[in-house]
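Enquirer: Give me coordinates for this.
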Amino acid sequence: MKDLAQVTRGRRELRRSTATLLEALGATSDEVASRLEEFGVRGFVADSRGCAVATYLNAVVGSDPQVRSVAVLAERVLISPMKRWRPPVTVALPESVRRFVAEFDAGKYPRLVRRPGDPSPAPQIPGLADRS
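Expert: Below is the predicted model of the structure:
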């Protein structure tokens, strides 16, 4: 069984690595959209667990066996751990990603929109296959 210090370290590392991933998407909403498109990410409009950013994070962070789900809200990400009684890890969205989320939901990036019934190919994120 993990002690409290291990759990705290793990949550801190998850928060830090997720913030780094989000920052790396780009400095503007258009850069974020380009990077997600480059990775083959598509998502559902106005869907906190299925939007383009959530799809990307689920492919990367969601591959951690300690992560149950990822939800992207207007200003932050909630990463729910497998242990139901533990609170979610909260990560603030960088301004560029916040803008992207709002613009994506407003229809600015139709190439990144996935519609019900569309196939759901896995995003092609460099280095992800090497993480197993």
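
Enquirer: can you map out the strands along this structure?
Expert: 67-72, 76-81, 89-92 (DSSP state E).

Enquirer: So which elements touch the last one?
Expert: Packed against strand 89-92 by the contact rule (3 or more CB pairs under 8 Å, 6 or more residues apart in numbering; DSSP states H and E) you find helix 4-23, strand 76-81. Placement of C-beta: from N, CA and C, glycine included.

Enquirer: Give me the contacts around it.
Expert: 11, 14-15, 18-19, 22, 75-79, 81 (CB atoms under 8 Å, 6 or more residues apart in numbering).

Enquirer: who wins for neighbours among those?
Expert: Among the contacts of strand 89-92, Val77 has the most neighbours (other CB atoms under 10 Å), with 25 neighbours.

Enquirer: Could you find the closest non-adjacent residue to that one?
Expert: Counting by CB to CB, 6 or more residues apart in numbering, Val91 is the residue found nearest to Val77 once chain neighbours are left out, at 4.5 Å.

Enquirer: Quick check: pLDDT value at that neighbour.
Expert: Note on Val91: pLDDT of 98.

Enquirer: For the protein, give me the ranges with low pLDDT.
Expert: Where the chain drops to pLDDT under 70, the residues are 1-4, 7, 121-122, 127-132.

Enquirer: could you check the distance from the spatially most central residue of it over to Val67?
Expert: For the chain, Leu57 is the residue whose C-alpha lies nearest the centre (CA atoms, centre = their mean; 2.5 Å). Here the criterion is CB to CB, to the nearest Å. By it, Leu57 lies 9 Å from Val67.

Enquirer: Many thanks, I have nothing further to ask.
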